[in-house]
Structure formats: C-alpha cells, structure tokens
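Novice: give me a 3D structure for the following:
(one chain, ligands or ions: 1)
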Amino acid sequence: MRSDEVRSLVELDRAHVWHPYGPMPGRTDPLVVESASGVRLRLAGPAEGRRELVDGMSSWWSAIHGYQHPVLDEAVRDQLARMSHVMFGGLTHEPAVRLATRLVEITPEPLRHVFLCDSGSVAVEVGVKMCLQYWRSVGRPEKHRMLTWRGGYHGDTWQPMAVCDPDGGMHQLWSGVLPRQIFADAPPSGFEEVYADRLRELIARHAHELAAVIVEPVVQGAGGMRFHSPEYLRVLREACDANDVLLVFDEIATGFGRTGALFAAEHAAVSPDVMCLGKALTGGYLSMAATLCTPRVADGISQGEIPVLAHGPTFMGNPLASAVACASIDLLLGQDWAREVKRIEAGLHAGLAEAGTLPGVRDVRVLGAIGVVQLDHPVDMEAATRAAVREGVWIRPFRDLLYTMPPFVTSDEDLALIGRAVRAAATAG
Ligand SMILES: *Cc1c(COP(=O)(O)O)cnc(C)c1O
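Specialist: Below is the predicted model:
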C-alpha cells in the first residue's frame, strides 16, 4: 500500500471506526495490518522501521495455529463451496453436529449438551441464563444470584460485566446499575486453607439465593493475568455440591491447551455443570463460542413450566465457523500439542526471567503458553508498544501488565524475540 493510502485509511478509521475499549474518535493511530501468515502480521506501512511483527498475542488468545494455516484455510474454502450459512431453527447441518459431538468428546464428563453461539460474552450470558432457568424450572426461583471471586473477566455484555472484577476492571462505571452479585476475594496464587474456608463459608451463607458460582479456572485473564492453585476448583466443586449450587467454568481464554492442559479444569480433575468456550475454538478464524452443560441442567430446564431455553442467535451454529472449529480441534489433537505448549513455556521462562531484575518490575510469571511481566506502575501503553514494535513484536499491554500468549507454532527464535521485546517494553513503559 502506498503511504498516502495508508494515511487516508487511518484518517477514515479515526473518523468512523470504534475500537475496543476506546474513545470516539480514537486518540492513537492503530497500525494497519495488510495480511498475516504463520506467526507474522504484515503491516501496510512501516512502523518503527518494521513491516512485519511477530504476534505475541495470538489475536487475543485465539490464533493458536497462527495465520493462513493451510489446513484451516482449506476447511473454510471447502465449507464455503457448500454453504456459508443457514438458519439453525428447524435446520441442522454436519459441521455443527460434528463440532458439538467433538466438544462433548474432549471436555470433561458429564458435559453432554452444547449451545453454539457467536461470542464469548454471549456464551457467558447463555451459561448464566441456563443456571437461573434451571432453578426457576425446578421451583426455586429465589436462587438467582451469582458468586465469583474478584479479579475475574467474563466479557462485556450485561450479565458477564456483573461478574467481572467490580473495582479494578473495565466495568466499574456500571457498578450501580448491574445486577449485584456476590464476590469473594481474589484467589491467592498458592493454596491457602484460610482462603478456602472463606470460600466455603461464603457459598454456604448465600446458598439459599445462589444459582451458581462462576470462575475462570486456574488463570484469570483480562481481569489481571493472575494464576491460582487448581486446588481451589476442587474446593468450589465440593462446596457447590454440598450447598446445591451450580458451578460454571469460563474456559474461554484457558481452553484448547493454553495452560498446558486441554482444559484448565483438568488440572484439578474437576468437572463443572456448565462450561463456556470461545476464543481459540475456531483457531482464531471466525467468531464462535459454545456453552456446554450437563444432563442435570438440561433436564431441569426441560421440566419447567417453560421447558425451552429462549435463546437463538441469528448466526447460531454458523457452518463456516463450525467447519473451521472442527479442523482446528483436529489439527491441535493430531499433534503432540502438550509438548509444544511445554516448549513455549520453557521459551517464555528463558525470555522473561531476566525482566525480573529490571527496575519497575514487580513480578514475572509463566504458565503454559502464557507469560506475564507485572510492573509496579501503570504501563505507558504507547511507549511500551512502540518499544516492542521496534524489536519486531506485537503485544498489547494493559494496566500494569505486559503479557504474551503466542501461537503454539511460534519457533524458539521467535520466542526469544518476544522475550527481548517484552523486556524492551518493560524498560520503556
Ligand atoms: C475474552 C473472554 C470473554 C469474552 O469473550 P468475547 O468473545 O470477547 O465476547 C469471556 N470470558 C473470558 C474468560 C474471556 O477471556
């Protein structure tokens, strides 16, 4: 693209296009991406002297196989030749049925029913609706509140916002208007019996009004990039069972291998009543998410006065997204993905450890294919991003956090480059 064309695109972008979590008009110019392949984003014009950036973000956890993967491209083309979409009410098709069946096979028992929808936030909306409707249907409508721990992130629509971190998060503005849910303190990273007792006590105390507990298992993502002991998931499962409360795991960020287990629930060998999946579900190709539930939840809803789940997005079960999701899952499971994630974990450890000695760095932590450098001050987003771009790497810091979750196909050389860029960003930001 000529530089004046790039300029004009950026101006039109600023005039008309709203970006995530941004003001209108935007205050900073986004980089224009022309194409992407493997782990590299190709820019339309140079930034800090770079035309190509190694993607340290997997497009927000999703592009686990990198860009323009021949197998995924082929799956989309093949499906496109048949049909790109048909409505899901009264009709069905092979890609969606295959996907749902596959998801049931690879997630923990007894998750056996699948609601396909268009984004992670909607998957959480559907999950919360399932739980509330379950209790309504079995004659206990007073059980309509949710409990979670602080530091979480579950999406940007109404119900998910109500269970995001109420103070540090992005949705503080709405604290007076959102449904008021119940919050435990954020989970400590290691297992502490005192904290576990507080969780048990809180669940027992509110059991009469609680529909469900909802958490991100093992890794809290956009709420602060914190890790916690899987042992807490077992505590939650036991406390939920003892008090007749449902348990929802939001695995939208953690699913499909990111933490070193296929699903983070497996770290604790615990199964939830409802599980939300998204992000890496389609390998980053198309927007799709899924809410899975157990026969107990589905049967409960079916026995109600209104025995249906009143939810049905227009693009539910989209064939293109379903087909590429099936291909992405096959691609993942057809290789020794756990070894690749371990390799990335080792690469991130090696690349980020040094950052721990930099001034202004409070903590460095790595789990699976996730690396985090936490500063002792809010990051200067522009300076940090520019420093990483100068090293040839794309990262997107927020709050006091520099973090990376690269595609699983990132080479050791590119991991080293990401490490160098994060260190440069930590120094600059
Ligand atoms: C990203 C995310 C969501 C929201 O997904 P969208 O597709 O952005 O709506 C929900 N929960 C978790 C844990 C996430 O990481």
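Novice: check what pLDDT the residue of the chain found nearest the ligand gets.
Specialist: Going by Cβ to the nearest ligand atom, the ligand is nearest to residue 120 of the chain, at 2.1 Å. For the C-beta atoms, the positions are set from N, CA and C on the backbone; glycine is no exception. The model reports residue 120 with a pLDDT of 98.
Novice: please report the distance of the closest residue to residue 125 other than its chain neighbours from residue 174.
Specialist: Excluding its sequence neighbours, the residue lying closest to residue 125 (Cβ to Cβ, 6 or more residues apart in numbering) is residue 159, at 5.1 Å. For residue 159, the distance to residue 174 (Cβ to Cβ, to the nearest Å) stands at 12 Å.
Novice: neighbour count for those two, which is higher?
Specialist: residue 159 (22 against 13; other Cβ atoms under 10 Å).
Novice: that one touches residue 171, doesn't it?
Specialist: No. Counting by Cβ atoms under 8 Å, residue 159 stays clear of residue 171, with 11.5 Å between them.
Novice: can you check the pLDDT for the spatially most central residue of the chain?
Specialist: Using Cα atoms, centre = their mean, the residue of the chain that lies closest to the mean C-alpha position is residue 253, 2.4 Å off. On the pLDDT scale, residue 253 is placed at 98.
Novice: numbering from 23 from now on, please.
Specialist: Fine by me, first position is 23 from now on; the one you just mentioned is residue 275.
Novice: secondary structure element holding it?
Specialist: Using DSSP states H and E, residue 275 maps to neither a helix nor a strand.
Novice: please report how far residue 286 lies from residue 275.
Specialist: 9 Å.
Novice: now list whatever residues contact both of the two.
Specialist: By Cβ atoms under 8 Å, 6 or more residues apart in numbering, residue 286 and residue 275 have these common neighbours: 238, 241.
Novice: which secondary structure element contains the closest residue to residue 130 other than its chain neighbours?
Specialist: Closest residue to residue 130 apart from its sequence neighbours, by Cβ to Cβ, 6+ apart: residue 293 at 3.9 Å. Residue 293 is part of no helix or strand, with elements assigned from DSSP H and E.
Novice: now residue 205, what's its secondary structure?
Specialist: Judged by DSSP: H, G, I helix; E, B strand; the rest coil, the three-state class of residue 205 is strand.
Novice: any idea of the mean pLDDT for stretch 426-436?
Specialist: 98.
Novice: residues in contact with it?
Specialist: Contacts of stretch 426-436 (Cβ under 8 Å, 6+ apart): 60-61, 76-80, 83, 85-88, 279-280, 354, 359, 362-363, 365-366, 369-370, 391-393, 417, 437, 440, 444.
Novice: contacting residues for residue 124?
Specialist: 348, 351.
Novice: dihedrals phi and psi, it?
Specialist: Dihedral pair for residue 124: phi -60, psi -40, per degrees, to the nearest 10.
Novice: am I right that residue 169 sits in a strand?
Specialist: Yes. Counting by three-state DSSP, residue 169 is part of a strand.
Novice: how close does the nearest residue to it once chain neighbours are set aside sit to residue 297?
Specialist: Sequence neighbours aside, residue 204 is the residue nearest to residue 169 in space, at 4.3 Å (criterion: Cβ to Cβ, 6+ apart). Noted for residue 204: a distance of 21 Å to residue 297, by Cβ to Cβ.
Novice: the more surrounded of those two?
Specialist: Neighbour count, other Cβ under 10 Å: between residue 204 and residue 297, residue 297 has more, with 28 against 17.
Novice: so which strand or helix has the more buried one?
Specialist: Residue 297 belongs to strand 296-299, assigned by DSSP H and E.
Novice: averaged pLDDT, whichever helix or strand comes after that strand. What do you get?
Specialist: The first helix or strand that comes after strand 296-299 along the chain, using DSSP H and E, is strand 311-315. Averaged across strand 311-315, the pLDDT comes to 98.
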